[in-house]
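Colleague: output the structure for:
(2 chains)
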Amino acid sequence: MSVGRICSRSVVTVRAGESVLEAARRMAHHSVGTLVVTAPGEEPREEAPHPIGILTDRDIVVRCVAQGLDPGASPVSAVMSVPVRFLHEDAAIEEALGVMSRGAMRRIVVTDAAGRLVGILSLDDVIELLVEEAGSIGRLLVQHAPTRL
Amino acid sequence: MSVRRICSRAVAIVSPNETVSEAAKRMTRLSVGTLVVIDPMADDRAIGLVTDRDLVTRCLGAGADPAEARISECMSSPPHEIADDASVEEALQRMASEGVRRLVVVDAEESLLGVVSLDDVVGHLALEGDEVRRLLRRAYRHGASGKRPARERRPRRAEAPARRVTARTEGT
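Modeller: This next block holds a predicted model:
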């Protein structure tokens, strides 16, 4: 199974030059905790932007609010997580799990061969897949139990 | 397995009167994303939960000043509570039916004991799954070699489930 198959494709983006305050508003508006950061010149609504980083609610709390920085005057580029490890959409889920555990991160940006944004893969997406598969195996075992034993 | 066994006992707390920026500093210092909001009059009573997400979406995102806004304005209250002797399965059902990822764990006197998160539950289930995997692997290995090394000899009951699984897999 490839990461492109299970990653979330509906991703909210923010430009590196926008303010942290604007990013917080966008998180609240879309009810998300993660934004993909695109280059300063790119339009936020562009079809397939080139990601340069990732910004989480935690980044804002730890690197902006806790430091006493003014969210209205701080650019996203100052608090986002870099460097970000991108994964190609054809990468295997095992590879993604390895990257997550080595980097102690729960999210990876997924891109195509040209480096354009495809989606975000979160640890939750992986767990969901594994639980689903475990459930199928469980049903198989339970349903066949009376006839096979 | 009870939630008492898998919940996080060392929870970070915050008063509802503290500011959002004070809470942000504490989350940073303690490397946590969740604070239990406690009753200023009784520090063993949880009155809410506040996460890093709440600080961003309900304070910053709503246009409030983190140096001025109080935790009481952005916390989730009252907290979703569960008894410490409830089962892990019950915790999962409660999380699903109430649409939350965290429950405050309280003892028989309703005193704060800890927080159990979906991550705690998934971690627990994954470890149980890993235990099953090792059991299966042992069964397959022994099946291939035909005999078990004395060092790994196990009681019958430990071996039984693995055999059944093997038989069913082959039968399908």
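Colleague: who's in contact with the closest residue to A:R107 other than its chain neighbours?
Modeller: Among residues not flanking A:R107 along the chain, A:S122 sits closest, at 4.9 Å (CB to CB, 6 or more residues apart in numbering or on different chains). In short, each C-beta sits where N, CA and C put it, glycine included. Residues counted as contacts of A:S122 (CB atoms under 8 Å, 6 or more residues apart in numbering or on different chains) are A:8, A:34, A:106-107.
Colleague: most neighbours of all these, which one?
Modeller: Neighbours were tallied for each of the contacts of A:S122 (criterion: other CB atoms under 10 Å in any protein chain shown), and the maximum of 22 neighbours falls on A:R107.
Colleague: that one contacts A:D125, correct?
Modeller: No - because the distance of 9.2 Å does not satisfy CB atoms under 8 Å, A:R107 is recorded as not touching A:D125.
Colleague: residues near A:S2, how many?
Modeller: 16.
Colleague: any idea how far it lies from chain B?
Modeller: 22 Å (CB to the nearest CB, to the nearest Å).
Colleague: hey, what's that residue bridged with?
Modeller: Under DSSP bridges, the beta-bridge partners of A:S2 are A:A92.
Colleague: mind checking pLDDT for it?
Modeller: The predicted structure scores A:S2 at 93 on the pLDDT scale.
Colleague: then B:N17?
Modeller: You'll see B:N17 listed with a pLDDT of 97.
Colleague: same deal with B:A139?
Modeller: Looking at B:A139, the pLDDT reads 75.
Colleague: flag every residue of chain A that's near chain B.
Modeller: If contact is defined as CB under 8 Å from any CB of the partner chain, the residues of chain A in contact with chain B are A:20-21, A:24-29, A:31, A:33, A:57-58, A:60-62, A:65-66, A:68, A:71, A:127, A:134, A:140-141, A:144-145, A:148-149.
Colleague: buried only: go through the residues you listed for me.
Modeller: For the residues of chain A next to chain B, a burial check counting by 16 or more other CB atoms under 10 Å in any protein chain shown picks out A:20-21, A:24-28, A:33, A:57-58, A:60-62, A:65-66, A:71.
Colleague: among those, which two are most distant?
Modeller: Looking at those by CB to CB, the two members farthest from one another are A:R26 and A:A66, with 20.5 Å of separation.
Colleague: where does chain B dip in pLDDT?
Modeller: Scanning chain B for pLDDT under 70 picks out the ranges B:142-172.
Colleague: which single residue in it comes nearest to chain A?
Modeller: Distances between chain B and chain A by CB to the nearest CB are smallest at B:G61, namely 2.9 Å.
Colleague: look up phi and psi at that residue.
Modeller: Listed backbone geometry of B:G61 is phi -60, psi -20, with angles given as degrees, to the nearest 10.
Colleague: quick one: residues contacting it.
Modeller: For B:G61, the contact set (CB under 8 Å, 6+ apart) comprises A:24-29.
Colleague: which of the residues you listed fall in helices?
Modeller: In helices, judged by DSSP state H, the following of the contacts of B:G61 are found: A:24-29.
Colleague: same list, those, but as TSV with pLDDT please.
Modeller: Below are these laid out as TSV (pLDDT from 0 to 100):
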residue	pLDDT
A:A24	97
A:R25	97
A:R26	97
A:M27	97
A:A28	96
A:H29	96
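Colleague: could you pull out the strands in the chain for me?
Modeller: Reading this off chain A. With DSSP state E applied, chain A shows strands at A:13-15, A:34-38, A:51-56, A:86-88, A:107-111, A:117-122, listed in chain order.
Colleague: not what I meant, chain B
Modeller: With DSSP E as the definition, chain B shows strands at residue ranges B:13-14, B:34-39, B:42-51, B:81-83, B:102-106, B:112-117.
Colleague: among the ones you listed, which is nearest A:V14?
Modeller: With CB to CB as the measure, strand B:42-51 is the member of the strands of chain B nearest A:V14 (20.3 Å).
Colleague: list the buried ones in the closest one?
Modeller: Of the residues in strand B:42-51, those buried by neighbour count under the rule 16+ other CB under 10 Å are B:45-51.
Colleague: same check, this time on stretch A:5-13
Modeller: Buried-residue list, stretch A:5-13, by 16+ other CB under 10 Å: A:6-8, A:11-13.
Colleague: run through the residues that contact the nearest residue to the residue of chain B closest to chain A once chain neighbours are set aside.
Modeller: Setting aside the residues directly before and after it, B:G61 is nearest to A:A28 in space (CB to CB, 6+ apart), at 2.9 Å. Contact partners of A:A28, counting by CB under 8 Å, 6+ apart, are B:56-58, B:60-62.
Colleague: do that again at 10 Å, thanks
Modeller: For A:A28, the contacting residues are A:57, B:53, B:56-63, taking CB atoms under 10 Å, 6 or more residues apart in numbering or on different chains as the criterion.
Colleague: this completes my enquiry, with thanks.
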